[in-house]
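1. need a 3D model of the sequence below.
(2 chains)
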Amino acid sequence: MFDKKLLEILVCPVSKAKLDYVAEKNELICYASGLAYPIRDDIPVMLEDEARQITVEEKEARKKR
Amino acid sequence: MSDNKPSDGSATTHFGYKQVPVESKHKHVAGVFHSVASKYDMMNDLMSLGTHRVLKQYLLELSSVRKGQKVLDLAGGTGDITKLLSKNVGPEGKVMLCDINDSMLSVGRDRLLDDGFAGNIHYVQANGEVLPFEDGFFDCVTIGYGIRNFTDKSKALIELLRVLRPGGRLLILEFSKPQTEFVSKAYDLYAKSWPIVGKLVAGDSESYQYLNESIRMHPDQDTFKTMMEDAGFEKVEYFNLLGGVSAIHRGFKF
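-> Numbering: from 1, shown residues only, chains lettered A, B, ... in the order given. Have a look, this model is predicted:
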């Protein structure tokens, strides 16, 4: 299980903005930098090299919420 | 120091005695630590004849970390320092064990859990030069035998200053420059055995050859003190250990 208390502490290493935890994908998303960080073996991987660029749809979906 | 210049595409930095492109140093270092992770603790005990434990305990004393505080153990690898910190900060405090290398981090977590350490420890894979933490979050940051592997040490020091609160402190334990000719000679002779021991025990001599070389390439006590001051740390001082074979640098953010 990902330790949700970490969400209060972690920010995006690139933008330093707060992150959203997306349970279905098991990722931490930063909408400011457009990067999604994987969580592997319950450990968040906060490396730009390992992050995924989020899609336009994902950004739009966030706006609608 | 060649490793403190910005990357311009052709820039190189040292990886032990070799020169490698700045962009790829972290991959070379990662290779070393993926290779040594499972035997890392045993090799540390062997090569340092157990002294690394005493030095880590001393680091803790110099940190004056108290109950309820928040501490970042950066490049914390297999978690020796985290273990000590976890006891000191108690259940109200937090220790963030952070390493760029996933192999070291999983060995560290498994070991800490096996030894019954949980609750106040969090694990994060991150790069010390671009940390995923808010400004002013930590009371203390420790780095034990990690800083010499960083690609851009000055950049990391500035980032560490950022994540410390005013009054917070940084403690760096690292191999350093022996202070007398005798210690230097004896140490050189002794360190020559490491790649051989590495080959015998861990089946890997190259990683321990890198260890030898990286120690010699690391800035000496005064140079590193200046680097900390240049990054913005105040009241910077260092404590020589084992005749300068290792040293602890401490600096404050005010």
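
2. what's the lowest-mean-pLDDT helix or strand in chain B in contact with?
-> Taking mean pLDDT, DSSP states H and E as the measure, helix B:40-48 is the helix or strand of chain B with the lowest mean score, a mean of 76. For helix B:40-48, the surrounding residues in contact (CB atoms under 8 Å, 6 or more residues apart in numbering or on different chains) are B:33, B:36, B:52-53, B:77-78, B:80, B:104, B:107, B:111, B:194, B:197-198, B:201-202, B:208. Every residue, glycine included, has its C-beta placed from N, CA and C.

3. burial check on the nearest residue to B:Ala202 once chain neighbours are set aside, number of neighbours?
-> Spatially, and ignoring its direct neighbours in sequence, B:Ala202 is nearest to B:Lys39 (4.1 Å; CB to CB, 6 or more residues apart in numbering or on different chains). If you count neighbours by other CB atoms under 10 Å in any protein chain shown, B:Lys39 ends up with 17.

4. can you check B:Asp110 too?
-> 12.

5. same check on B:Gly119?
-> Counted with other CB under 10 Å, B:Gly119 comes out at 9.

6. so it sits in a strand?
-> No: going by DSSP: H, G, I helix; E, B strand; the rest coil, the assignment for B:Gly119 is coil, not a strand.

7. got the contact list for it?
-> Per CB under 8 Å, 6+ apart, neighbours of B:Gly119: B:Pro91.

8. again, but for the one 5 residues further on
-> Listed by CB under 8 Å, 6+ apart, the contact partners of B:Val124 are A:Leu6, A:Leu10, A:Ile43, A:Pro44, A:Met46, B:Met96, B:Leu97, B:Cys98, B:Pro132.

9. and if we set it to 7 Å?
-> A:Ile43, A:Pro44, A:Met46, B:Met96, B:Cys98, B:Pro132 (CB atoms under 7 Å, 6 or more residues apart in numbering or on different chains).

10. any chance of those residues in a markdown table, plus secondary structure and distance to B:Met217?
-> Converted to a markdown table, the contacts of B:Val124 look like this (DSSP: H, G, I helix; E, B strand; the rest coil; distance: CB to CB, whole Å):
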| residue | secondary structure | distance to B:Met217 |
| --- | --- | --- |
| A:Ile43 | strand | 30 |
| A:Pro44 | strand | 32 |
| A:Met46 | strand | 28 |
| B:Met96 | strand | 28 |
| B:Cys98 | strand | 24 |
| B:Pro132 | coil | 28 |
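
11. closest to B:Asp230 out of those residues?
-> Distance to B:Asp230, by CB to CB, is smallest for B:Cys98 among the contacts of B:Val124, at 23.4 Å.

12. neighbours of the closest one, how many?
-> Using other CB under 10 Å, B:Cys98 has 27 other residues around it.

13. ok, now which ones touch it?
-> Here B:Cys98 is in contact with B:Leu72, B:Asp73, B:Leu74, B:Gly76, B:Val124, B:Ala126 (criterion: CB under 7 Å, 6+ apart).

14. wait, is A:Asp49 part of a strand?
-> No: the assignment for A:Asp49, made by three-state DSSP, is helix rather than a strand.

15. flag every residue of chain A that's near chain B.
-> Residues of chain A lying close to chain B (CB under 7 Å from any CB of the partner chain) are A:3, A:6, A:9-14, A:40-41, A:43-47.

16. pull the most distant pair out of the contacts of helix B:40-48.
-> Going by CB to CB, the pair spanning the contacts of helix B:40-48 furthest: B:Arg111 and B:Trp194, at 22.5 Å.

17. could you pull out the helices for chain B?
-> B:25-36, B:40-48, B:51-63, B:80-89, B:102-114, B:153-163, B:181-191, B:194-197, B:206-217, B:221-231 (DSSP state H).
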